[in-house]
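Chemist: my questions concern the predicted model and sequence given below.
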Amino acid sequence: MNAFIPIFSPKNFIKNEVKLFLIFLLFLLTIQINSQTKTIQVCTTCDVKTIKKAITLANDRDTIFVKKGIYKETKIYINKGIHLIGEDFPVIDAENKTDSVFAIKADNFSISGFKIKNVGMSYTKEIAGIFVSHSNNFVIKNNRMENVFYGFILQRTKYGLLSNNKIIGEFKTEATSGNGFHLWKCENMRIEKNIVSGMRDGIYLEFVTNSHISNNTSANNIRYGLHFMFSHKNEYHHNEFKKNGAGVAVMFSKFIKMHHNTFHYNWGTASYGLLLKEINDAEIVDNIFEQNTIGINIDGCNRINYKNNHFIRNGWALKFTGGCYTNIFEYNNFMHNAFDLSYNSRLNDNKFEANYWSEYNGYDIDKNGIGDIAHRPVKLFSYVVNKTPETLVLLRSLFVDIINFSEKVSPVFTPNNLKDNKPLMKPINPL
């Protein structure tokens, strides 16, 4: 009889016992941690009637649950890793006092579900609905702000999430308005799914690195929908920038990715969809630039790839000012712009190839989808307008058509070597 008989192993028995003991200890530790945390309720009929009082009673990991109502509080200081939750958007009315509502210096905290309004203005202090400094690992989401000087100010923070917040300002002038989101010296931040309007800049970043800004709507702000400087290795995608005073400004930054954004209806004598000032090593792809005074204004930028962007019904699709090197424009659509390109400097090693130009009048005899003759996107009249802006009133005249045609036949004033040798006959991924 060869039936298998299990052999008892003291070694295996001890291992199993140790495992069970460790699991039991972990279970007890979890119970102990949960038993040490508490929830504090705040309301007019509760034992705790103010948010400030609740914070003094709270410890790390505690939750403060604020019921619906109006709370006239400012200078709410938080230095603990606690969680504040509002029920049905309780209102915190700052009564136009010149102090931030929440001032936070803590790790592992969260704030959600509040409506903050009437934050006062100051020419000497940075005042916000929520002011966060020297903090890590936090979440601020699902809040509303109305009539605030600054919405959010964040300084020296890391690993924070700002999501689903709505900021509505009552803008008057740049001097009397703050920014919706104002970040300085922050790392690994995520700003996503927010709505901001009526502020000075919708989103302002300075010395911000390794961060993601996505799925936000920034519209009707006095100056910029997005404005960042000295901010490297960041990614901006699926945002909408609409009807802002001067559009979007990107300055003195490198290693940037901007994709699937929409820049539209940014009109004005000094307005653009996107201003690039001394930007290096970037990817600008799959964006829409529609009905802006200037789609992209490019000044002193190098090693940028522009691909699969749509430039539609802008005054100027692209306007170069200043020396630029190693920029590649390929597989972009230039459709029905007053001027596709303004270019007053040397071509250098910039490249325009395999783009679609609605102004192209060439032919494709071999039917390979590529025009048989090169396209010159710079018009003589664009050169004239840059020298004498008043001549723009002649834009649709027969005289302009004649001088543009003569320059195309025999270039004298426009760059002779600036041309697309492989113009496409059909748009790329038409909208």
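Modeler: Arrived safely, thanks for sending. These figures come from a predicted structure and were not determined experimentally.
Chemist: which residues are contacting the host helix or strand of Asp281?
Modeler: Counting by DSSP states H and E, the element that carries Asp281 is strand 280-285. With Cβ atoms under 8 Å, 6 or more residues apart in numbering as the test, strand 280-285 has contacts from 254-259, 296, 301-309. Backbone N, C-alpha and C define where each C-beta goes, glycine included.
Chemist: next secondary structure element downstream of it?
Modeler: Per DSSP H and E, strand 280-285 leads on to strand 288-290 as the next helix or strand towards the C-terminus.
Chemist: buried subset of the contacts of strand 280-285 as a PyMOL selection?
Modeler: Filtering the contacts of strand 280-285 down to the buried ones (16 or more other Cβ atoms under 10 Å) takes a single PyMOL command:
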select buried, resi 255+256+258+259+296+301+302+304+306+307+308+309
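Chemist: and the two most separated of the contacts of strand 280-285?
Modeler: Spanning the widest gap among the contacts of strand 280-285 are Lys254 and Asn308, at 21.7 Å by Cβ to Cβ.
Chemist: what about the nearest residue to Ile153 once chain neighbours are set aside, how many residues nearby?
Modeler: The spatially closest residue to Ile153, leaving aside those adjacent along the chain, is Ala128, at 4.2 Å (Cβ to Cβ, 6 or more residues apart in numbering). For Ala128, the tally of surrounding residues (other Cβ atoms under 10 Å) stands at 27.
Chemist: so Ala128 bridges to which residues?
Modeler: Counting by DSSP bridges, Ala128 is bridged to Tyr150.
Chemist: got a pLDDT number for it?
Modeler: With respect to pLDDT, Ala128 has a value of 97.
Chemist: check the gap between it and Thr74 for me.
Modeler: Between Ala128 and Thr74 the distance, using Cβ to Cβ, to the nearest Å, works out to 11 Å.
Chemist: spit out the residues that contact these two alike.
Modeler: Both Ala128 and Thr74 are contacted by Ser100, Val101, under the criterion Cβ under 8 Å, 6+ apart.
Chemist: touching the helix or strand encompassing Ile130 from outside, list them.
Modeler: Under the criterion of DSSP H and E, Ile130 resides in strand 128-133. With Cβ under 8 Å, 6+ apart as the contact definition, strand 128-133 has outside contacts at 100-105, 111, 116, 119, 138, 140, 143, 145, 148-157, 160, 167, 178, 182.
Chemist: run the last query once more with 6 Å
Modeler: Contact partners of strand 128-133, identified using Cβ atoms under 6 Å, 6 or more residues apart in numbering, comprise 100-105, 116, 119, 145, 148, 150-155, 157.
Chemist: then stretch 169-180?
Modeler: 121, 147, 149-151, 167, 196, 198-202, 204, 222-223.
Chemist: same check on stretch 67-81?
Modeler: Residues outside stretch 67-81 that contact it (Cβ under 6 Å, 6+ apart) are 43-44, 51-52, 60, 87-88, 90-95, 97, 99, 101-109.
Chemist: if we use 8 Å, what do you get?
Modeler: Applying Cβ under 8 Å, 6+ apart, the external contacts of stretch 67-81 come out as 41-44, 46, 50-52, 55, 58-62, 84, 86-95, 97, 99-109.
Chemist: mind checking how far the most centrally placed residue in the chain is from Asn308?
Modeler: Within the chain, the residue whose C-alpha comes closest to the C-alpha centroid is Ile213; the distance, by Cα atoms, centre = their mean, is 4.3 Å. The spacing between Ile213 and Asn308, counted by Cβ to Cβ, is 20 Å.
Chemist: go on, Tyr123?
Modeler: Remark: distance between Tyr123 and Asn308 (Cβ to Cβ) = 45 Å.
Chemist: still on that earlier bit, please put the alpha-carbon coordinates of the strand holding Ile130 into CSV.
Modeler: Extracted as CSV, the C-alpha positions of strand 128-133 are listed here (Å, rounded to 0.1, in the frame of the first residue of the first chain):
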residue,chain,number,x,y,z
ALA,A,128,-6.2,83.7,-1.0
GLY,A,129,-9.2,81.6,-0.4
ILE,A,130,-6.7,78.7,0.3
PHE,A,131,-3.1,79.4,1.1
VAL,A,132,-0.8,76.4,1.3
SER,A,133,3.0,76.5,2.1
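Chemist: quick one: buried residues of it?
Modeler: Applying a neighbour-count criterion of 16+ other Cβ under 10 Å, the buried positions in strand 128-133 are Ala128, Gly129, Ile130, Phe131, Val132.
Chemist: now do stretch 240-255
Modeler: Under the neighbour-count criterion of 16+ other Cβ under 10 Å, stretch 240-255 has 240-251, 253, 255 buried.
Chemist: ok, now stretch 68-84?
Modeler: For stretch 68-84, a neighbour-count test (16+ other Cβ under 10 Å) marks Gly69, Tyr71, Glu73, Thr74, Ile76, Ile78, Lys80, Gly81, Ile82, His83, Leu84 as buried.
Chemist: can you tell me what sits against the host helix or strand of Phe138?
Modeler: Taking DSSP H and E as the definition, Phe138 sits inside strand 136-141. Applying Cβ under 8 Å, 6+ apart, the external contacts of strand 136-141 come out as 104, 106-112, 130, 132, 152, 157-165.
Chemist: now that strand: mean pLDDT?
Modeler: Across strand 136-141, the average pLDDT comes to 98.
Chemist: now do stretch 247-267
Modeler: 97.
Chemist: can you give me the neighbour number for Asp366?
Modeler: Using other Cβ under 10 Å, Asp366 has 8 other residues around it.
Chemist: the residue lying closest to Ser197 once chain neighbours are set aside - how many residues pack around it?
Modeler: Closest residue to Ser197 in three dimensions, ignoring its sequence neighbours and counting by Cβ to Cβ, 6+ apart: Asn220, at 4.5 Å. When neighbours are defined as other Cβ under 10 Å, Asn220 has 18 of them.
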